[in-house]
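**Q** Pasted the sequence and its predicted model underneath.
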Amino acid sequence: MSITAIVENDTIKLPMHVPDGTRVEITLPGEKDAGVEPAGNALAWMKEFAGCIDGLPEDFAAEHDHYIHGTPKRSGR
């Protein structure tokens, strides 16, 4: 659930009743990813998994739509 609230005099004013003792998390707009280091290069991450699946057809990369979605092969083989 997401609630939008207003701060007045350093107090958060909620638009609804929230029971006492309810644990909440507050994220200020624009600060969601502040202080989080980027995960790194996406290509480097993908290369880590290259070739890790055995038993695929030799033309799987070129004809993935055929094998995944059943479309006709593009190469006509």
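**A** Sure, I can see it.
**Q** what about the helix-or-strand element of the chain with minimal mean pLDDT, distance to the chain center?
**A** Lowest on mean pLDDT, DSSP states H and E among the helices and strands of the chain sits helix 42-49, with a mean of 83. In this view, helix 42-49 has its centroid 16 Å away from the chain centroid, taken as CA atoms, centre = their mean, to the nearest Å.
**Q** Alpha carbons of the helix or strand just after it, in PDB - could you do that?
**A** Once the chain leaves helix 42-49, the next helix or strand it forms, by DSSP states H and E, is helix 64-69. The C-alpha coordinates for helix 64-69 follow below in PDB (Å, rounded to 0.1, in the frame of the first residue of the first chain):
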ATOM      1  CA  HIS A  64      14.600 -17.600 -30.800                       C
ATOM      2  CA  ASP A  65      11.100 -16.400 -31.900                       C
ATOM      3  CA  HIS A  66      10.600 -19.700 -33.600                       C
ATOM      4  CA  TYR A  67      11.500 -21.800 -30.500                       C
ATOM      5  CA  ILE A  68       9.900 -19.500 -27.900                       C
ATOM      6  CA  HIS A  69       6.800 -18.300 -29.700                       C
END
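**Q** who's in contact with helix 64-69?
**A** Contacts to helix 64-69, defined as CB atoms under 8 Å, 6 or more residues apart in numbering, come from residues 56-57, 60, 71-74. Where C-beta positions appear, they are placed from N, C-alpha and C, glycine not excepted.
**Q** Kindly reformat those residues as a markdown table containing pLDDT.
**A** A markdown table is the format used below for those (pLDDT from 0 to 100):
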| residue | pLDDT |
| --- | --- |
| 56 | 89 |
| 57 | 91 |
| 60 | 90 |
| 71 | 93 |
| 72 | 93 |
| 73 | 93 |
| 74 | 89 |
